[in-house]
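Participant: what shape does this take:
(chains A, B, C, D and E, ligands or ions: 4)
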Amino acid sequence: PESTLEKVTLNLTYIPNVQFAPFYVAIEEGIFANHGLDVNLAYGNEADMVALVGSDHQQFMIASGEQVLLSRAQGLPVISVREWYQHYPIGVASLKSSHILEPADLRGKSIGLPGLFGASYIGFEALAGHAGLSDDDYELRSIGFTQVEALVTGQVDAVVVYLANEPVQLRARGYEINLLSVADSLSLVGNCLVTNEKSLSERTDLVRRMAVALDEALAATAADPDKAFEISRKYVENLEADDPIQKQVLLESIKLWRFEPEPAQSAVERWENMQGILLDLGLMAVRIDVREAFSDAFVE
Amino acid sequence: MTRSSNDLALRVSSLEVSFVDSDGSLGVLDKISFSVERNAFVCIVGPSGGGKSTLLRAVAGLIQPTGGTVEFPGAEEEKSRTGLVFQKPNLLPWRTLQENISLPLEIARRPEAEIAAFTQEMIRLVGLEGFEKSYPHELSGGMAQRAAIARCLVQDPEILLLDEPFGQLDALTRDRMGDELLRIWNERRKTVLMVTHSIAEAIFLADRVLVLTSRPAHLTMDLPIRLSRPRTDAMRYLPEFTEASRLLREQLKSSIAASS
Amino acid sequence: MTRSSNDLALRVSSLEVSFVDSDGSLGVLDKISFSVERNAFVCIVGPSGGGKSTLLRAVAGLIQPTGGTVEFPGAEEEKSRTGLVFQKPNLLPWRTLQENISLPLEIARRPEAEIAAFTQEMIRLVGLEGFEKSYPHELSGGMAQRAAIARCLVQDPEILLLDEPFGQLDALTRDRMGDELLRIWNERRKTVLMVTHSIAEAIFLADRVLVLTSRPAHLTMDLPIRLSRPRTDAMRYLPEFTEASRLLREQLKSSIAASS
Amino acid sequence: MKARSLSAVRNLLLQRISKNRLLLLPLSLLVFLLLWQILVLALKLPSFILPSPAEVGKKFLDVLASGMLWRHFSATLKEILLGLIFGVSAAALLGYGLSKSPIAERMLSPFLVGSQSIPMAAVAPLLVIWFGPGLLSKVLICSLTVFFPVLVNTLVGLRDVPQDLREVMRSLRSSPAQTLRYLEIPAALPVFLGGLRVGASLSVIGAIVGELVASDQGLGFLINVGRGQYDTALVFVAVICLVVLAASLYGFVLLLEKKLLSWQTWRKEN
Amino acid sequence: MKARSLSAVRNLLLQRISKNRLLLLPLSLLVFLLLWQILVLALKLPSFILPSPAEVGKKFLDVLASGMLWRHFSATLKEILLGLIFGVSAAALLGYGLSKSPIAERMLSPFLVGSQSIPMAAVAPLLVIWFGPGLLSKVLICSLTVFFPVLVNTLVGLRDVPQDLREVMRSLRSSPAQTLRYLEIPAALPVFLGGLRVGASLSVIGAIVGELVASDQGLGFLINVGRGQYDTALVFVAVICLVVLAASLYGFVLLLEKKLLSWQTWRKEN
Ligand SMILES: Nc1ncnc2c1ncn2[C@@H]1O[C@H](COP(=O)(O)OP(=O)(O)OP(=O)(O)O)[C@@H](O)[C@H]1O
Ligand SMILES: Nc1ncnc2c1ncn2[C@@H]1O[C@H](COP(=O)(O)OP(=O)(O)OP(=O)(O)O)[C@@H](O)[C@H]1O
Ligand SMILES: [Mg+2]
Ligand SMILES: [Mg+2]
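Facilitator: Ligands and ions are numbered 1, 2, ... in the order given. Below is the predicted model:
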């Protein structure tokens, strides 16, 4: 019966989007309910949400790996309990005519990115650093979230993008592009399910149920993307039933997901890779113990 | 009409006023003392810029004297003790003539019907019938000033303070308003303190005429007018009238000469 | 002083003015025609609210007549043809007295030195020495009006249009200003058209007195004053003076009675 | 005399035109659409950067038909109206209070001014914690935006009430409440309404800022959706709705001015 | 008479206090810091949501010493000053023009109002494409923010110039330029400066909005950095700088008012 379901809020970043299809599926297909959860989805700024979860005003959110480290470095007791993404979802897109085929080709180019913060900045620096480039070798321009527009109007030579979104948009509009993926160079922690230490220790069962539900939701979505897309239309505004672009966005993001939890050892590696970049960039001042940043308690 | 000289409506004692103006302090009133008996009609004359308006405003309580006191012996109630007609009409531009005249009654929270009746009566008295709905800007200078007089009379104050109320009226209206004022004063037993720049008007209307010097103003003359009531036009040619006129004119001239 | 009656400074022909006010159209001037010879001194009297100010404003070109024309035959230049003193002082509140008086000269782009000299001369003429740096609000009603007169005189216009300029002055200043006005008029050969509400003043100052009726105003009398120049106080007691006074007073009374 | 009658004719003409001002708005709209279309043709930008009027028009009809537009529009409208009510009342009350106490004004004004310049994005978590992510925080931001111009103009308007009219009221022994009612409100109204004009059009931005930061409805949300899906026509539809909304609010205040200040045509001379 | 002399004493006291107003600001600042500290203690919020005054103070000294604060502060200041110059001049010029032509006002005002309500975030792509991500687009947004309140108050101020003073100028045959100089500017100044007060404090938000969307310098950028690194104390330092900046601009306009409107103490009676 309904009354036994536990009400929780799950914070997603930005706005309703097909990339969040698993959560819509989990609600509509009763996956959350099967685990005794009544989930309310909320949307907002990632940093704000991390602060709210860190202060235990809310319990769950989806956040990118570097946010967990950055916030822990500032003393926020947040912790990742389940990696959602297999690959770090950032890449560099350029028009075919620019002939940027590998990271080294970025030398001397102007590169647009939303700003000198967040996943796109960190992802780009990881990519460039791995190719032996430094900030003197290219010109970074903060252009806000106008990557597609800036690229096609020739304002910049390349732009830092989310792999599942902008490339699809560009290709769908007939632009031929080259894409460099961060994940090809380096294994980093992408989006994960994040909670806080207090919830983890005091409401372990709740956290477990949430993590398991996420697992099942990912599998269900990947198994029938068409159905997931149809379900998403209830949640995502302005989604046409036959919208080829948005459907492609969903397919592209499924490619990034992690289905089988891996042994803890390689997870530590991914977190350490991330920490190394943050330290190099001066975004973190001191090294922390990455083992405390995630929990593998729910990895089956 | 019986008047006891001990029955005072107003006592002004050593009144001093000075302003802080853009270059230093400006003494305007210099130890002015006088009193006004109940129901007396007193006129004030004096040179321009002397301090006549300032005196009236101090009596009305609109400016705080630098020294001295203004008292209303035996005044019954705090309200409606004085009613002031300013030198400028100062009508509220967003109210029609009628609404301007009824304002004091609205402020005093009188009943609607009474407000309407009194207002209409005053509009008739000052001869502005037909302009009830006009806005101040649609009135000529004289009409606006008549409206301001009506606004004061409608309050039925114990002491009427009038600051050159007829300055902008034409000769005929002026005479008529003077007569009306005497009638009202007589009927309703008012005390009147009026500034005027016409010596003839002062003598014709007043029981006493006070003469102020130029700035800093002090009182140089307090002339009783010994003409019987009611006053008639014929009195203007009596020797008493001419004599008072000569006295006042000379006093004014000498006080201006003395101070400048 | 020679004056040819053909030498006109101003010709007003069938002038009509009506206002659209809050309830319909209000006819104010009704086919007014008269002319003023060069260097003549003409006074206008009439009941309050009749349309005297309106007439002056139409002559000054401030309102567009509904009908008729205003002409200045043989005027040499467009500039400084008329100078108008309003019924209210209308000083600019952010300028000192001195700056208010020098304004017309600044507008006419006169040289600095000339501006200073003329301004000072006018301040002396109207007796406001010592108040050069005062702001309008620091002046008494009469002082402000004198400043407004000075502001008009400083322009040295061909035709002076004066709208009850002495309304707020005390009796003595008023007489003095009248004398000064006659002196200026005489010295500088000005044409003067002046509204006043004092019949005595009109007769004392003017070559001709025009009488307007109450609204809608038309011209009911054009009375030549046959007193010699220069005028002296003694003339006030001449039979011509008394007769003119009686005539005007009667005309005024009858015209008010007729229209109301 | 010729010059005068000429300008009289001109005045008459202008009167005619301004009487038929129902014609004026469509006219200027047409000019605007034309300019837009020319821009599209001249710049040859892809339509996801600058869509043509026709594309936007089609999108508009689509979302109108689906009811989506109205849902988000009414959500934003609600925030704005609530924000206006709170913001304007608070500003008017505080403005009156401060105008009576220059010391309080001097103590508070740095904070009031400061509060204007706090970017919402910077204090969003505090807002969410204190006021929740819902309606309240948006109404609050909107009120805050409206608040300031109305407050300043209330202060300026009350300061400019002519001193001699104040003296009239004092000589009539009017109570502070009566002075407020009979003198201060009508005298300060023109400048106050000027502030309301600004405030009313800013209120729209206020509500949108809140929605852009975090929301799941409203025109600001619709903009986020459009941007996220590179559906620029949708963004334009939302922006145009905002513009129309702001212009309507402004127009409403103008109407109010016309009604409340009818004496002003006459006021000039007093 | 007692009441009068009592209130005289009170006035004197108030005068004293307001003369020593150099004391007033630190006082109200102290009250503010105290309230803040109490809030921190009472709510027990973690410092990454609401840092204590001490933490923020320490951070302030850090970034001040490193020169980082000054670099970003001066970048924002530059945008704001340029934005103010452009915005205010444009508004004053256009306001004067529109006040002379009611028809033009009626045709343009919907667009002017509309332009106020376009959220920058929504048109950011166009702005970036047209004006680049750099200084120009920020100055533009800032000008646009300043523009509107100043425009409206210019219009209101010019409309309220007393008609009889206009008649005086006409009777003196003053040219339009002279009427502007001698009558309209001084008469409209009080209300115009009221608009400038609002505009000056809004200009700060204008510049920040641009910086928050896309930038690599300025206080808005610093906020983004602080938020990105969960360094809330840094965000607060930036916000406080903004607040101080806005309050200073406001104070500057107040000073200007005091200087330019010294006649206003006297104006009341005319
Ligand atoms: N608020 C004020 N600040 C400074 N000076 C003032 C103020 N009010 C009046 N004065 C000065 O006080 C003097 C007297 O002014 P007041 O208005 O009382 O004169 P008055 O006798 O009424 O003159 P008038 O007959 O011309 O009206 C004048 O010199 C004037 O400049
Ligand atoms: N702008 C206007 N709109 C409407 N009516 C007006 C306007 N100006 C004047 N009037 C009306 O015109 C008539 C004449 O006004 P005017 O000011 O010319 O009178 P006046 O003869 O100068 O009176 P006073 O001697 O009292 O100054 C009055 O009835 C007045 O109500
Ligand atoms: Mg006086
Ligand atoms: Mg008149």
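Participant: for the rest of this, base every contact and every neighbour count on C-alpha atoms.
Facilitator: Fine.
Participant: all helices of the stretch 151-260 of chain B, in order?
Facilitator: Taking DSSP state H, counting those that start in this stretch, the helices of the stretch 151-260 of chain B run over residues B:171-188, B:199-205, B:239-259.
Participant: wait, doesn't A:L37 sit right on A:A26?
Facilitator: No - using CA atoms under 8 Å, A:L37 is not in contact with A:A26; the gap is 10.2 Å.
Participant: follow-up on the earlier one: to E:F148, which of the helices of the stretch 151-260 of chain B lies closest?
Facilitator: Among those, helix B:171-188 comes nearest to E:F148, with 52.0 Å by CA to CA.
Participant: does the closest one reach chain C?
Facilitator: Yes - Helix B:171-188 reaches chain C (CA under 8 Å from any CA of the partner chain) through B:A171, B:L172, B:T173.
Participant: what's the angle from that helix to helix C:239-259?
Facilitator: 70 degrees (axes from the mean of the first three to the mean of the last three CA atoms, to 10 degrees).
Participant: buried stuff in helix B:171-188?
Facilitator: Residues B:A171, B:L172, B:T173, B:R174, B:M177, B:G178, B:D179, B:L181, B:L182, B:W185, B:N186 are the ones in helix B:171-188 that count as buried (16 or more other CA atoms under 10 Å in any protein chain shown).
Participant: give me the element A:L70 is part of.
Facilitator: helix A:65-73 (DSSP states H and E).
Participant: check B:V12 too.
Facilitator: Counting by DSSP H and E, B:V12 is found in strand B:8-21.
Participant: what subset of the buried residues of helix B:171-188 is also close to chain D?
Facilitator: Of these, not one also sits near chain D (CA under 8 Å from any CA).
Participant: next, format those as TSV and append pLDDT and distance to A:T4.
Facilitator: Shown next, in TSV, are the buried residues of helix B:171-188 (pLDDT from 0 to 100; distance: CA to CA, whole Å):
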residue	pLDDT	distance to A:T4
B:A171	70	96
B:L172	73	96
B:T173	73	92
B:R174	76	93
B:M177	77	91
B:G178	83	93
B:D179	82	94
B:L181	81	90
B:L182	85	93
B:W185	82	90
B:N186	80	92
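Participant: between those residues, which sits nearest B:R109?
Facilitator: Nearest to B:R109 among those, with distances taken as CA to CA, is B:W185, at 24.6 Å.
Participant: name all residues that make contact with the closest one.
Facilitator: B:N39, B:T191, B:V192 (CA atoms under 8 Å, 6 or more residues apart in numbering or on different chains).
Participant: now the residue in the stretch 1-150 of chain A that chain D sits nearest to. Its backbone dihedrals?
Facilitator: Relative to chain D, the nearest point of the stretch 1-150 of chain A is A:G44 (4.8 Å; CA to the nearest CA). A:G44 adopts backbone torsions of phi 170, psi -170, taken as degrees, to the nearest 10.
Participant: please verify my assumption that it contacts D:V213.
Facilitator: Yes - using CA under 8 Å, A:G44 is in contact with D:V213, at 6.7 Å.
Participant: can you pull the residues that touch both of these two?
Facilitator: Joint contacts of A:G44 and D:V213 (CA under 8 Å, 6+ apart) do not exist.
Participant: and chain E, is the helix or strand harbouring D:V156 touching that?
Facilitator: Assessed by DSSP H and E, D:V156 sits inside helix D:135-159. Yes - judged by CA under 8 Å from any CA, helix D:135-159 comes into contact with chain E at D:F148, D:P149, D:V152, D:N153, D:V156.
Participant: can I get those in CSV with pLDDT?
Facilitator: Conversion of the residues of helix D:135-159 next to chain E to CSV gives the following (pLDDT from 0 to 100):
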residue, pLDDT
D:F148, 87
D:P149, 89
D:V152, 88
D:N153, 90
D:V156, 87
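Participant: average pLDDT for stretch A:192-209?
Facilitator: Computed over stretch A:192-209, the mean pLDDT rounds to 93.
Participant: likewise stretch B:39-58?
Facilitator: 89.
Participant: please enumerate the strands of the stretch 1-150 of chain A.
Facilitator: A:6-13, A:37-44, A:60-64, A:78-83, A:90-95, A:110-113, A:139-142 (DSSP state E, counting those that start in this stretch).
Participant: winner for burial among the ones you listed?
Facilitator: Of those, the one with the most neighbours on average (mean count of other CA atoms under 10 Å in any protein chain shown) is strand A:78-83, at a mean of 27.
Participant: quick one: it to strand A:60-64, angle?
Facilitator: Going by the same axes, to 10 degrees, strand A:78-83 makes 80 degrees with strand A:60-64.
Participant: strand A:78-83 packs against which elements?
Facilitator: Using 3 or more CA pairs under 8 Å, 6 or more residues apart in numbering or on different chains; DSSP states H and E as the contact test, the elements touching strand A:78-83 are helix A:46-54, helix A:65-73, strand A:191-196.
Participant: from what I see, A:V81 and A:E292 are in contact.
Facilitator: No - using CA under 8 Å, A:V81 is not in contact with A:E292; the gap is 10.8 Å.
Participant: find residues that contact each of those two.
Facilitator: Joint contacts of A:V81 and A:E292 (CA under 8 Å, 6+ apart) do not exist.
Participant: same for the helix holding A:L70, what does it pack against?
Facilitator: helix A:46-54, strand A:78-83, strand A:191-196, helix A:264-280.
Participant: how many residues are close by A:L179?
Facilitator: 22 (other CA atoms under 10 Å in any protein chain shown).
Participant: so it, which of the three states?
Facilitator: strand (DSSP: H, G, I helix; E, B strand; the rest coil).
Participant: who does it bridge with?
Facilitator: A:A93 (DSSP bridges).
Participant: if I look at it, how far off is chain D?
Facilitator: 19 Å (CA to the nearest CA, to the nearest Å).
Participant: look up how far A:V8 lies from that residue.
Facilitator: 38 Å (CA to CA, to the nearest Å).
Participant: before we move on, what about A:R173?
Facilitator: Taking CA to CA, one finds A:R173 at 40 Å from A:V8.
Participant: over to D:L135?
Facilitator: From D:L135 to A:V8 the distance is 20 Å (CA to CA).
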